[in-house]
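Student: Need coordinates for the following:
(4 chains)
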Number of protein chains: 2
Amino acid sequence: MTLSEEDYIKAIYHLGKGENTAVSTNAIAEQMATKPSSVTDMIKKLSEKGVANYRKYKGVSLTEYGQKIALTLVRKHRLWEVFLVNELDFSWDEVHEVAEQLEHIKSEKLVDRLDKLLGYPQVDPHGDPIPSKEGEFKKAVKKLLNDIPIGTSGICVGVKDSSAPFLKFLDKNNIALGDTISIVDKEEFDGSFMIRIKDHDLHISHQIANNLYLKITE
Amino acid sequence: MTLSEEDYIKAIYHLGKGENTAVSTNAIAEQMATKPSSVTDMIKKLSEKGVANYRKYKGVSLTEYGQKIALTLVRKHRLWEVFLVNELDFSWDEVHEVAEQLEHIKSEKLVDRLDKLLGYPQVDPHGDPIPSKEGEFKKAVKKLLNDIPIGTSGICVGVKDSSAPFLKFLDKNNIALGDTISIVDKEEFDGSFMIRIKDHDLHISHQIANNLYLKITE
DNA sequence: ACAAATATTTAGATTTGCCTAAAAATTATT
DNA sequence: AATAATTTTTAGGCAAATCTAAATATTTGT
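Tutor: The predicted model follows:
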């Protein structure tokens, strides 16, 4: 696969939300910042190559083979993201662009060894699951901390309330996007939570918990 | 710079042996497994871009700008080689192909952090020096162990005698290509050497020393 | 020094991935 | 259901990087 073909495969995969959904020409064009006519050209080619199913005017979906390719690309992308954050101290929000390049490197051995070096991580720095070599992986969902059962852990990926006071609270308590948070206990009485973050426990109110989004794998 | 342009720059650099020597069209074509006419096209383009000096029928050399690009490519290539060998347990002879891909990744931060992770290595797994960020580096030479002064260390890169008995000797004494060897002492009387390899000392005869090539940086 | 051999360049085509503009199909609206 | 709006495709072109074949320079050998 060429670099460009791989990018299209990834776009189709992501627009189809990982399901085997048909994706429209326009959607792909937008995602890839290119023109619909270019997309038509490419999806015809991918179809001839046995990577995608294409029916004129009806959109494209990936074949089983195409999905396999997409999953190895996703796997590589996310493993490199973990590498960049864990080994090279990149911050969670600056890894995407570089991983976008690294995911195209062709060497199965490299990916396997990288996986090993990183300790076979299950999720990337954004909390998204890393497919196994065989292409299996759990889905991730984004939930308010409030709605997550005791014992679960996830990665902090966003806030509902983005007012200054709330952000100041997070800062003061050293909670940042990308942090791994585990739900230690929940207080029935006031709906407050005991959470574990960066090796220490922290008590947060129901209100706080209701404004923090975590990404968890089910 | 495109991928292809970078490959040409590297080829010109290596064929010119790092000096600013003019390189022939045919030599580049051979090195890059392409046709001379394709080379002519590309070196014209590089010339227009200020990367190379080209005079019809007289060959090309790199401009100062071109040399700078070549050196950052060499730096990236060799740092990745160290990464593959030291962090991912690749063997010294299987890293080239992968490093050839990795060297094109565009991220200054990535290279800097990689350099740091690896402990600012001076040479790659083949004993070739790694240019600094500023493009400075010592030259490496390949010498018989015999001709290397006490106190120096280098990397074993080849043998003069490749007969079975000699190779068997190396195997028995656990000396392999890619190993770092330091010259601890030399015996005036019989020309034998005490060398240090993989954390233990080893006594080798003049004859052995005269058949082992090390790469050292001066 | 001149012919033969070799090296290099030019000219013209090809492939890949992209573009614009126009045509055709689909979907939405009244 | 017919027309309008939108989406998608087709047709024709362009730039990058390559190729083959032919033309032109340079170098080598005698």
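Student: Give me the pLDDT value at the closest residue to A:Ser47 other than its chain neighbours.
Tutor: Counting by C-beta to C-beta, 6 or more residues apart in numbering or on different chains, A:Ser47 lies nearest to A:Tyr54, which is 3.9 Å off, once chain neighbours are set aside. C-beta: built from backbone N, CA, C; applies to glycine. For A:Tyr54, the pLDDT comes out at 97.
Student: unless I'm mixing things up, A:Tyr54 is touching A:Met42, no?
Tutor: No - if you go by C-beta atoms under 8 Å, A:Tyr54 and A:Met42 don't touch, sitting 10.0 Å apart.
Student: In contact with the residue nearest to the spatial centre of chain A, which residues?
Tutor: The centroid of chain A falls nearest to A:Asp128 when counting by C-alpha atoms, centre = their mean (3.4 Å). Applying C-beta atoms under 8 Å, 6 or more residues apart in numbering or on different chains, we find A:Asp128 in contact with A:Arg78, A:Ala140, A:Lys215.
Student: rerun that using 6 Å as the cut-off
Tutor: By C-beta atoms under 6 Å, 6 or more residues apart in numbering or on different chains, the residues touching A:Asp128 are A:Ala140.
Student: From DNA strand C, how far out is it?
Tutor: Note on A:Asp128: its distance to DNA strand C, by C-beta to the nearest atom of the strand, to the nearest Å, is 25 Å.
Student: what's the burial count for A:Leu3?
Tutor: As a burial measure, A:Leu3 scores 9 neighbours (other C-beta atoms under 10 Å in any protein chain shown).
Student: Might you report the residue contacts of it?
Tutor: Contact analysis of A:Leu3 by C-beta under 6 Å, 6+ apart lists A:His104.
Student: mind checking pLDDT for it?
Tutor: On pLDDT, A:Leu3 comes in at 97.
Student: Show me where chain A has its strands.
Tutor: Using DSSP state E, the strands assigned to chain A run over residues A:52-54, A:60-62, A:140-144, A:153-159, A:180-186, A:193-197, A:200-204, A:212-217.
Student: Residues contacting the third one, please?
Tutor: Outside of strand A:140-144, the residues that reach it under the criterion C-beta under 6 Å, 6+ apart are A:Gly127, A:Asp128, A:Pro129, A:Asn210, A:Tyr213, A:Lys215, A:Thr217.
Student: Which strands border it, and is each parallel or antiparallel?
Tutor: If you go by DSSP bridges, strand A:140-144 pairs up with strand A:212-217 (antiparallel).
Student: and the angle from the partner strand to strand A:153-159?
Tutor: For strand A:212-217 against strand A:153-159, the angle by axes from the mean of the first three to the mean of the last three C-alpha atoms, to 10 degrees is 140 degrees.
Student: Strand A:212-217 to strand A:180-186, inter-axis angle?
Tutor: Using the same axes, to 10 degrees, the direction of strand A:212-217 lies 100 degrees away from that of strand A:180-186.
Student: what about stretch A:166-182, average pLDDT?
Tutor: The model assigns stretch A:166-182 a mean pLDDT of 93.
Student: Same drill for A:Tyr54 and A:Met42, tell me which one is more crowded.
Tutor: A:Met42 (23 against 18).
Student: quick check, nearest of the contacts of strand A:140-144 to DNA strand D?
Tutor: DNA strand D has its nearest neighbour among the contacts of strand A:140-144 in A:Asp128, at 27.0 Å by C-beta to the nearest atom of the strand.
Student: Just give me the neighbour total for A:Ile208.
Tutor: For A:Ile208, using other C-beta under 10 Å, the count is 22.
Student: Please disregard the earlier target; I meant A:Lys76.
Tutor: Residues lying near A:Lys76 (other C-beta under 10 Å) number 24.
Student: What of A:Leu114?
Tutor: Burial of A:Leu114 is recorded as 20 neighbouring residues (other C-beta under 10 Å).
Student: Setting aside sequence neighbours, what's the nearest residue to it?
Tutor: Leaving out its chain neighbours, the residue that sits closest to A:Leu114 by C-beta to C-beta, 6+ apart is A:Leu79, at 5.4 Å.
Student: Near DNA strand D, which residues of chain A are found?
Tutor: Within chain A, the positions near DNA strand D by C-beta under 7 Å from any atom of the strand are A:24-27, A:36-37, A:39-41, A:43-44, A:54, A:56-59.
Student: so which of these are also by DNA strand C?
Tutor: A:Ser37, A:Asp41, A:Lys56, A:Tyr57.
Student: want to throw these into a markdown table with neighbour count and distance to chain B?
Tutor: A markdown table is the format used below for those (neighbours: other C-beta atoms under 10 Å in any protein chain shown; distance: C-beta to the nearest C-beta, whole Å):
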| residue | neighbour count | distance to chain B |
| --- | --- | --- |
| A:Ser37 | 10 | 24 |
| A:Asp41 | 12 | 21 |
| A:Lys56 | 7 | 34 |
| A:Tyr57 | 6 | 35 |
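Student: So which of these is the closest to B:Gly151?
Tutor: Comparing these against B:Gly151 with C-beta to C-beta places A:Asp41 closest, at 63.6 Å.
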